[in-house]
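> sequence and predicted structure are below.
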Amino acid sequence: MPEKPYSNAPTPSLALNALDLALEMQKMEAEMHKFVCEFLPLLDDVEMLCRDLSRAPVESVMQRAEALAMLADQADRIRTAINLERIGEVGEIVDADRYHVVDTAPRQDKANGTVLEVNKYGWSFRGHIIRQARVVASVRTIESAQERA
């Protein structure tokens, strides 16, 4: 059987893989652009509110506090639009993948591992944990007979 000459042409399967990769990269680029476009107005507004805050009169600081509350609502809409999930709600049960317990507090009225306080929210992007929430969780202690009496 004669030997086939060497060819630089990609095989059909490699060409398909390269095309799939290029399409995936375009999709990721478009998603990143959407994220930036959604996020920039929030950054602009935060920067404007914080500018010269230390020299602002009390009335202005109070107005800015109200505006910051509106920005929190804007941030919630943005994170929903880009599928960014905040992790950490008081009352949830600690999940080792999503929570990092920084402290515990004895609470007989709560199940073990109930989130009592959120020190820092965690974040999940499209189901992938970016950062665990840092929380204080409950622990149930064993009461002695004397304490119950």
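Yes, it's here.

> touching, residue 35 and residue 82? I think so.
Yes: Residue 35 lies in contact with residue 82 (Cβ atoms under 8 Å); the separation is 5.2 Å. Yep, even glycine has a C-beta here, placed from its N, CA and C like the rest.

> which parts of the chain are strands?
Along the chain, the stretches classed as strands by DSSP state E are 84-87, 99-106, 115-120, 122-125, 128-131, 133-139.

> of all those strands, which gets the most neighbours per residue?
strand 133-139 (a mean of 21; mean count of other Cβ atoms under 10 Å).

> distance between it and the chain's centre?
17 Å (Cα atoms, centre = their mean, to the nearest Å).

> now do that strand against strand 115-120, angle only.
Compare the direction of strand 133-139 with that of strand 115-120 by axes from the mean of the first three to the mean of the last three Cα atoms, to 10 degrees and you get 160 degrees.

> what is strand 133-139 packed up against?
strand 99-106, strand 115-120 (3 or more Cβ pairs under 8 Å, 6 or more residues apart in numbering; DSSP states H and E).

> partner strands of the last one, with direction?
Just to be clear, that refers to strand 115-120. As defined by DSSP bridges, the strand partners of strand 115-120 come to strand 133-139 (antiparallel).

> leaving out sequence neighbours, find the closest residue to the residue positioned nearest the centre of the chain.
The residue lying closest to the centre of the chain (Cα atoms, centre = their mean) is residue 123, at 2.0 Å. In this structure, residue 123 finds its nearest non-sequential neighbour in residue 130, 4.4 Å apart by Cβ to Cβ, 6 or more residues apart in numbering.

> how far away is the one you found from residue 94?
When Cβ to Cβ, to the nearest Å is applied, the distance between residue 130 and residue 94 equals 18 Å.

> in this protein, which spans are helices?
With DSSP state H, the ranges of helices along the chain come out as 12-50, 58-81, 145-148.

> compare those and report which one is nearest to residue 102.
With distances scored as Cβ to Cβ, the stretch of those nearest to residue 102 is helix 58-81 (23.4 Å).
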